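**Q** I need the structure of the sequence given here:
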Amino acid sequence: MNSVDTTNSLYFAAAVSASQNQTARELKNKKDEKIGSKFTSLLKDKQEENYLISIGLPPEISGMSTDDAVTFLQDELAAAGDELGLNATPQAFDRYKKAVGQFIKFLEKNNYTIEIHKRPQRRRGKAVKPAIQVVAINEELDKLAYGLWYNQLDKLKLLEKVHQINGLVIDLLAI
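**A** The predicted model follows:
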């Protein structure tokens, strides 16, 4: 009868064990990466939302592309303007004023870039201030803003009149 060679089976068992350990390590590393990436992305989202809130923009636009954010802000402004036209309450004025401010801030943050150019040194010992140039990077946003302001002109005039009346009331109360 043939004898069973146990040395080959020992090598096979060691190889299987090593392979299982390697796959277990890889799965653990992938799981750790998934947890880390989820936490990191959540942290980045929260930081972006906090930044938007700190500069006065709505947190709903975090993660949106520039075009989607412009559309969202434009819809908010139009809705606030329609509400102001239908119902001229102080809350409607405040909402409209806030929507206008958010739209302007977004355009300010995303439509222009500032380029700083070093000037050659002309004076001995004195530093020359760098040249600063503001460059419009999106002409379409400029056109959109112009069209939006043109459509909202009557509401802006109404808002200006309300502020004038509020100023007169404050002046009368001060006397």
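**Q** Quick check: buried residues in stretch 38-48?
**A** Buried residues in stretch 38-48, defined by neighbour count with 16 or more other CB atoms under 10 Å: none. Where C-beta positions appear, they are placed from N, C-alpha and C, glycine not excepted.
**Q** what about the strand or helix carrying H163, average pLDDT?
**A** Assigned by DSSP states H and E, H163 belongs to helix 153-174. On average, the pLDDT along helix 153-174 is 74.
**Q** hey, where'd the helices end up in the chain?
**A** Secondary structure of the chain, counting by DSSP state H: helices at 6-54, 66-86, 90-110, 139-151, 153-174.
**Q** so which of the ones you listed gets nearest K129?
**A** Closest approach to K129 among those (CB to CB): helix 90-110, 23.0 Å.
**Q** Could you chop this protein up by domain?
**A** As assigned by automatic domain parsing, the chain contains the domains 1-54, 65-111+137-174.
**Q** in this protein, what spans have low per-residue confidence?
**A** The chain contains residues with pLDDT under 70 at 1-21, 24-25, 27-36, 111-115, 117, 119-128, 130-142, 144, 172, 175.
**Q** returning to that earlier point: for the helix holding H163, packing partners?
**A** helix 66-86, helix 90-110 (3 or more CB pairs under 8 Å, 6 or more residues apart in numbering; DSSP states H and E).
**Q** what about 6 Å?
**A** Counting contacts by 3 or more CB pairs under 6 Å, 6 or more residues apart in numbering; DSSP states H and E, helix 153-174 packs against no other helix or strand.
**Q** tilt between that helix and helix 90-110?
**A** Following axes from the mean of the first three to the mean of the last three CA atoms, to 10 degrees, one obtains 120 degrees for the angle between helix 153-174 and helix 90-110.
**Q** can you list contacts of helix 153-174?
**A** 81, 84 (CB atoms under 6 Å, 6 or more residues apart in numbering).
**Q** Any buried residues in it, and which?
**A** For helix 153-174, by 16+ other CB under 10 Å, it's 155, 158-159.
**Q** neighbours around L77, how many?
**A** Counted with other CB atoms under 10 Å, residues neighbouring L77 total 24.
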